[in-house]
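Peer 1: Below are the sequence and a predicted model; questions follow.
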There are 2 protein chains.
Amino acid sequence: MKQSELFTKTLKKAPKDEESASARILIQAGFIDKLFAGVYTILPLGWQVLKKIENIIREEINSIGGQEIFMPALHPLENYKKTGRDKLDILFYTELKNKMKLVLGQSHEEIITPLMKKYISSYKDLPKAVYQFQTKFRNELRAKSGIIRNREFLMKDLYSFHRDQKHLDKYYESVKRAYFKIFERCGLGKKTYYTYASGGTFSKYSHEFQTTIPAGEDLIYICQNCNLAINREIKDEIKKCPDCGGSNFEKKKAVEVGNIFKLGTKFSKSFNFRFTNKKGQRQDVVMGCYGIGLGRLMGVIAETYHDKKGLIWPSPVAPFIVHLLGFDKKAEETYQTLKQNQIEVLYDDREDKSAGEKFADADLIGIPIRIVVSKKTLGKNSVELKKRNSKKIELVEINKLVKRLKLELRR
Amino acid sequence: MKQSELFTKTLKKAPKDEESASARILIQAGFIDKLFAGVYTILPLGWQVLKKIENIIREEINSIGGQEIFMPALHPLENYKKTGRDKLDILFYTELKNKMKLVLGQSHEEIITPLMKKYISSYKDLPKAVYQFQTKFRNELRAKSGIIRNREFLMKDLYSFHRDQKHLDKYYESVKRAYFKIFERCGLGKKTYYTYASGGTFSKYSHEFQTTIPAGEDLIYICQNCNLAINREIKDEIKKCPDCGGSNFEKKKAVEVGNIFKLGTKFSKSFNFRFTNKKGQRQDVVMGCYGIGLGRLMGVIAETYHDKKGLIWPSPVAPFIVHLLGFDKKAEETYQTLKQNQIEVLYDDREDKSAGEKFADADLIGIPIRIVVSKKTLGKNSVELKKRNSKKIELVEINKLVKRLKLELRR
């Protein structure tokens, strides 16, 4: 797309009322806009990133048999009374004109459990895995850390349904592998740790995926032998690594980018959600649930990949692959060539901006590859290519550019 | 996908508490599920349809310069006080823990106007067009007609911003053309009429796209000369066709599938949203807004395309293109061949269902092309092909099937 047409503009200064670096930089570069604390609009550049994150998650969850649906955000309070979560601290309340009491979905166990009860009656109907991308509403007392802990945010929530604990355990492992692939593809593979955490009301332990960042709100203990981590909240209970028995840990600040819970039969019992087993007996369906917050993931990627000049997007989640900076009318030809070759390109065609402003904006927005077309480069039948994560600047012949870019994309 | 793995099942009987045929049939076939009146879960088959509708809309709105964003559903009540819509009859109210008053988004003028104000300051920044797919919440006293008038629903809402009325008028015409393309691609082209309606608080008239269906909640008067229509609500004011001057009208029941409003400067004035014109003077930005409800569109397509046996999806919005009914293990080979050729196929591999049940389900679900693989057809090295909208059954040689299907898809 042409940058002259993009309605957002980079801001001269980062906002002062944001405590996290990622929020400051994402706002300054025009990826998000704050409506009020904990509630953000996702702007065109940010929406491209979120769509790419969404597609990565969709591919990996589909590959483990997930079926995509879309559940409502308005939930009957009645359903929460059945599970005992009607007094949950973070609920938003509202009501219909006929006084029917509602809460806004903070998660969807109270909706998916009675839904699945309509379709599952026999062991032959199990296992099943169902997911959605849907907004969650959480009435946090204080929304903090920019887009890391929000009052309204997009979440991928997956729910799985099984005959027994053994089948749940097996599926849980396949979700774990899918989650690692997702974080790997988003560029967070090396800094993300499978972490034991408190199970809350569901089970003794739950598991989180924690990404280490200096501004993390959690503290994790990473086993130096096997890379498993333990959340501070249960470090006193667990002295040795549950996986390898090691006792040498490194303490690091981190932020949760995903969590997976073995719900067991808690919600099945609340809704009397049972199936007939092979022996003809009725028994409770065993459930698991698995979440990833999309905006939070974008925030953590931004926390991980930025420098003083701006963002440095990993290619798979970048809003565009190429930022084409035009200082000559012939740049338009390069723009058309890239578009025809399905290379995602933001073309800075603005005529009222100086070279300095264009270079600064390119660094701030952080698209992986910057291409400069100017009289000087055209004199050599070339364009200038620089990667955002490198200092090297090279000349590439115009007629070899597409081939070179496709090579970069394959890496 | 394999039908044995799909978690939904068709219901033996349609629900009795739904007044519209489309809702009854969509629930029976497993496309949607009612949580409570006016609030539905979109199930896997329905979600495939909505995603296709969404992509059609996205392509057409992108082609007229729309930039996609994602605005929040939680809105400060304060913003509604500025526009005088804080007492709007259909608002849902809620609040933060710190008592900040919120409403749930029923539309997004109160959010987009102050957002655009941050980026638009000069005539050089205009025009702009920005849209999103986002849930709307409307506290209707009575939700009726299945998924036609809901309390919670997905909507594409586009907003445009212009220097003056003349520029708005021009863009308005391009949206009108894009809308006709959208309804045409969804199979509603011939039955959808551009209709003059009341402008409400914004202007004298607004314009609706009305699709004629027997169960329609609106009544329109269609000019027999030029096909323009007039909504009953303003028929007393407008005696002659505003386009051709004709006075011969046919009265038909219809349902609104899209609407477009010239907002003028109503919202700009509320938020003091102004720009500097070429002469250096400050003036109000002129706005338009344009909506299409996605679930409603699915409902109207279902109302238009069904018979006593079930749904009859037009290909561009069908959940799958081929419904493969297997009565022999070799059907698996056909399934794999179709998948490898990127033909979207639902494979009925269920072993505990009779032929009669499989045929009835195929008619109910309404996928455009039914392929039967049985010992009988295999004996002739063939499969049986029948379109849902035709009675003709033909034998197609197995090695010619993919070519034949690709031919069908190109039609």
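Peer 2: Everything's here; your move.

Peer 1: Which pLDDT value goes with residue A:17?
Peer 2: pLDDT for residue A:17: 86.

Peer 1: partner residues bridging the residue in the stretch 151-300 of chain A that chain B sits nearest to?
Peer 2: Nearest residue of the stretch 151-300 of chain A to chain B (C-beta to the nearest C-beta) works out as residue A:152 at 5.1 Å. Where you see a C-beta, it was placed from the backbone N, CA and C, and this is true even at glycine. As for beta bridges, residue A:152 partners with residue A:137 under DSSP bridges.

Peer 1: And residue A:260, by the same measure?
Peer 2: residue A:207, residue A:290.

Peer 1: Secondary structure element holding residue A:364?
Peer 2: Using DSSP states H and E, residue A:364 maps to helix A:355-365.

Peer 1: Kindly report the same for residue A:351.
Peer 2: Per DSSP H and E: residue A:351 is located in neither a helix nor a strand.

Peer 1: can you tell if stretch A:292-305 touches chain B?
Peer 2: No: applying C-beta under 8 Å from any C-beta of the partner chain, one finds stretch A:292-305 separated from chain B by no less than 9.5 Å.

Peer 1: for that stretch, what is the average pLDDT?
Peer 2: Computed over stretch A:292-305, the mean pLDDT rounds to 97.

Peer 1: Next: stretch A:58-69.
Peer 2: Mean pLDDT, computed over stretch A:58-69, is 98.

Peer 1: what's the span of it from first residue to last?
Peer 2: 12 Å (C-alpha to C-alpha, to the nearest Å).

Peer 1: Buried residues, the one helix or strand residue A:177 maps to. List them.
Peer 2: Assigned by DSSP H and E, residue A:177 belongs to helix A:165-185. For helix A:165-185, the neighbour count (16 or more other C-beta atoms under 10 Å in any protein chain shown) marks A:167-168, A:171-172, A:175, A:178-183, A:185 as buried.

Peer 1: Stretch A:372-380 now?
Peer 2: Across stretch A:372-380, burial judged by 16+ other C-beta under 10 Å covers A:372-374, A:377-378.

Peer 1: okay, those in TSV with distance to chain B, pLDDT and secondary structure next?
Peer 2: Shown next, in TSV, are the buried residues of stretch A:372-380 (distance: C-beta to the nearest C-beta, whole Å; pLDDT from 0 to 100; DSSP: H, G, I helix; E, B strand; the rest coil):
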residue	distance to chain B	pLDDT	secondary structure
A:372	24	98	strand
A:373	23	97	strand
A:374	24	96	coil
A:377	28	96	helix
A:378	27	96	helix
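
Peer 1: List just the nearest of those to residue B:387.
Peer 2: Ranking the buried residues of stretch A:372-380 by separation from residue B:387, with C-beta to C-beta as the measure, puts residue A:373 on top at 51.7 Å.

Peer 1: Need the nearest residue in space to that closest one, chain neighbours excluded.
Peer 2: residue A:331 (3.9 Å; C-beta to C-beta, 6 or more residues apart in numbering or on different chains).

Peer 1: Surely the one you found is in contact with residue A:323?
Peer 2: No: counting by C-beta atoms under 8 Å, residue A:331 sits too far from residue A:323 to count as a contact (11.8 Å).

Peer 1: More neighbours: these two, which one.
Peer 2: Between residue A:331 and residue A:323, residue A:323 has the larger neighbour count (other C-beta atoms under 10 Å in any protein chain shown), namely 26 against 22.

Peer 1: Can you tell me the SS state at the more buried one?
Peer 2: On the three-state scheme (DSSP: H, G, I helix; E, B strand; the rest coil), residue A:323 is labelled strand.

Peer 1: can you tell me how far it sits from residue A:29?
Peer 2: Taking C-beta to C-beta, to the nearest Å as the measure, residue A:323 falls 12 Å from residue A:29.

Peer 1: and for the two, which residues touch both?
Peer 2: Counting by C-beta atoms under 8 Å, 6 or more residues apart in numbering or on different chains, the contacts common to residue A:323 and residue A:29 are residue A:365.

Peer 1: any idea how chain A splits into domains?
Peer 2: Here the domain parsing of chain A from automatic domain parsing is A:21-307, A:320-410.

Peer 1: just the buried residues of stretch A:372-380 now: which is nearest residue A:354?
Peer 2: Taking C-beta to C-beta as the measure, residue A:374 is the one of the buried residues of stretch A:372-380 closest to residue A:354, at 13.0 Å.

Peer 1: export stretch A:140-154 as PDB, just CAs?
Peer 2: Output of stretch A:140-154 as PDB, limited to C-alpha atoms (Å, rounded to 0.1, in the frame of the first residue of the first chain):
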ATOM      1  CA  GLU A 140      -9.100  -5.600  35.900                       C
ATOM      2  CA  LEU A 141      -8.800  -3.100  38.800                       C
ATOM      3  CA  ARG A 142      -5.700  -1.700  37.100                       C
ATOM      4  CA  ALA A 143      -4.900  -2.300  33.500                       C
ATOM      5  CA  LYS A 144      -1.200  -2.100  33.100                       C
ATOM      6  CA  SER A 145       1.800  -2.800  30.900                       C
ATOM      7  CA  GLY A 146       0.300  -1.400  27.800                       C
ATOM      8  CA  ILE A 147      -1.300  -4.200  25.700                       C
ATOM      9  CA  ILE A 148       0.000  -7.000  28.000                       C
ATOM     10  CA  ARG A 149      -2.800  -7.000  30.500                       C
ATOM     11  CA  ASN A 150      -6.000  -5.500  29.000                       C
ATOM     12  CA  ARG A 151      -9.600  -5.100  29.900                       C
ATOM     13  CA  GLU A 152     -10.700  -6.100  26.400                       C
ATOM     14  CA  PHE A 153      -8.500  -8.300  24.200                       C
ATOM     15  CA  LEU A 154      -8.600 -10.900  21.400                       C
END
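
Peer 1: any residues touching that stretch, and which ones?
Peer 2: Residues from elsewhere that reach stretch A:140-154 (C-beta under 8 Å, 6+ apart): A:18-20, A:22-24, A:26, A:32, A:37-40, A:50, A:54, A:90, A:133-139, A:215, A:217, A:255, A:293-296, A:298-300, B:70, B:72-74, B:96-98.

Peer 1: Mind giving me the ChimeraX select for the residues you listed, buried ones only?
Peer 2: The following ChimeraX line selects those of the contacts of stretch A:140-154 that are buried, judged by 16+ other C-beta under 10 Å:
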select /A:18,20,22,23,24,26,32,37,38,39,40,50,54,90,133,134,135,136,137,138,139,215,255,293,294,295,296,298,299,300 /B:70,72,73,74,96
